[in-house]
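Visitor: how would this look folded up:
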Amino acid sequence: MSSTRLQRALQTQGHDVHVASKPAGESFDLVLINLGSRSLHGVDLISQCRALFPGIAVKGFCGHLEIEIRRSAKAAGIDKILTNDQAFSGELT
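Guide: A predicted model of the protein is given here:
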């Protein structure tokens, strides 16, 4: 799932979305990580986001069959893992 498609879908639902390829020092209410991205190494971003954004919810999305990624994300301390379908439909809670 492309970040651009996800960004448009969430914006259509009224969310203010900023797409970044690495954590930045900006202020957010939620960090949503593409855990399935091969180029972003999504699981590694969890600890980086925790350090940069203390107290912010860190959620991720990936395919429901990506079991090892899901396990690694849970071990890294992610707050919630969504399927690609849930993320695309805006089910962020």
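Visitor: Just to be sure, residue 19 is in a helix?
Guide: No: assessed by DSSP: H, G, I helix; E, B strand; the rest coil, residue 19 does not belong to a helix; its assignment is coil.
Visitor: give me the number of residues near it?
Guide: Here the number of neighbours of residue 19 (other C-beta atoms under 10 Å) works out to 11. All C-beta spots, glycine's among them, are computed from the backbone N, C-alpha and C.
Visitor: Might one say that it is in contact with residue 8?
Guide: No: using C-beta atoms under 8 Å, residue 19 makes no contact with residue 8, being 10.4 Å away.
Visitor: what distance separates stretch 78-93 from the centre of its chain?
Guide: 8 Å (C-alpha atoms, centre = their mean, to the nearest Å).
Visitor: Just the element for residue 59, please.
Guide: Assigning secondary structure by DSSP states H and E places residue 59 in strand 57-62.
Visitor: now the helix or strand just after that strand and strand 57-62, what's the angle there?
Guide: Using DSSP H and E, the helix or strand that follows strand 57-62 towards the C-terminus is helix 67-75. Computed by axes from the mean of the first three to the mean of the last three C-alpha atoms, to 10 degrees, the angle separating helix 67-75 from strand 57-62 equals 170 degrees.
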